[in-house]
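give me a model of this one.
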Amino acid sequence: MPEISPTPPSRLRAKLRALVREVGKFGTVGGISFAIDLAIFNVLLHNGVETLFAKTISTVLATTVAFTGNRFWTWRHRAHANMARQYTMFFVLNAIGLGIGLGCLAISHYGLGQIWPALRTPLADNISGQFVGTAVGTLFRFWSYRRFVFRATPPPDPDGAGQRSERGAASVASPTPLRDSA
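Okay, the predicted model is just below:
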C-alpha cells in the first residue's frame, strides 16, 4: 500500500494564513503605537505643554513607530524602494484614517445627536469615536497601507534570465525592488 502523504495546503488556505499573520502583526504594532501615543500625550500634558501641540508631537512619534513596525515587521516581505515616499504616504493615509474616526464621531454626536440626545453623551461619543470610528479607520488603514504603501513584491521571473527579444538577444530583467531581509 502506498504511503499517504499529507496534502499541501491550498493556495487559498496559504493566502488566508498569511493574511491572518499580517492582521495579527498589524494589530500588535497598532496597539504598541496607541500606547506610545497615549503615554507621550499624557506626559507632555502633565508637563505643561499646550494640548494641541502635545497631541501633534505624540501623534507624529506614534505614527513613526507604527511605520517602522509595519515596514520592518508586518510587511517586511514586501517591496521597499523609497522610504521617504513610503513614510509620507503612510502618514497621509493615517490622517485619512483619523478623519474616518472623527467623521463617525461627528455623525453620531452632531448629526444623530440632534434627533436622539442620548447620542450626545460621553458614553455615546466613546462608542462612536473610539470603537466604531477606530474600527472603521483601522480597516481602512490596513487595506490602504497594504495596497499603497507596502506593495506586494512582483513574482520572480520563472526563467530568471529575462526573455528573448525578436532579435534573439536576451533582454535585461528589470531590477527587483530592495527587500528587507529581517
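
give me the helix or strand of the chain that scores worst on average pLDDT.
helix 122-125 (a mean of 84; mean pLDDT, DSSP states H and E).

okay, buried residues for that helix please.
Buried residues in helix 122-125, counted by 16 or more other C-beta atoms under 10 Å: Ala124, Asp125. Quick note: C-beta positions are derived from backbone N, CA and C, even for glycine.

how far away from the center of its chain is it?
Distance, stretch centre to chain centre, for helix 122-125: 27 Å (C-alpha atoms, centre = their mean, to the nearest Å).

just after that helix, pick out the following helix or strand.
helix 134-144 (DSSP states H and E).

what average pLDDT does the top helix by length along the chain get?
As assigned by DSSP state H, the longest helix anywhere in the chain is helix 11-46. Here helix 11-46 scores 90 as its mean pLDDT.

list the buried ones in the helix or strand that comes right after it?
Using DSSP H and E, the helix or strand that follows helix 11-46 in sequence is helix 51-69. Buried residues in helix 51-69, counting neighbours by 16+ other C-beta under 10 Å, are found at Ala54, Lys55, Ser58, Thr59, Leu61, Ala62, Thr63, Val65, Ala66, Phe67, Gly69.

nearest to Phe150, of those?
Phe67 (9.8 Å; C-beta to C-beta).

and the closest one, what does it touch?
Gln86, Tyr87, Phe90, Phe91 (C-beta atoms under 8 Å, 6 or more residues apart in numbering).

what sits closest to the first one if chain neighbours are left out?
Put plainly, it is Gln86. Val149 (5.3 Å; C-beta to C-beta, 6 or more residues apart in numbering).

just checking, Met89 touches Phe148?
Yes: the pair Met89 and Phe148 qualifies as a contact (C-beta atoms under 8 Å) at a distance of 5.8 Å.

so which of the contacts of Phe67 sit within helices?
Gln86, Tyr87, Phe90, Phe91.

coming back round to it: which elements pack onto the longest helix of the chain?
When contacts are defined as 3 or more C-beta pairs under 8 Å, 6 or more residues apart in numbering; DSSP states H and E, helix 11-46 sits against helix 51-69, helix 134-144.

got a list of contacts for the last one?
Taking contacts as C-beta under 8 Å, 6+ apart, the residues outside helix 134-144 that touch it are Val23, Phe26, Gly30, Leu93, Asn94, Ile96, Gly97, Leu98, Ile100, Gly101, Cys104.
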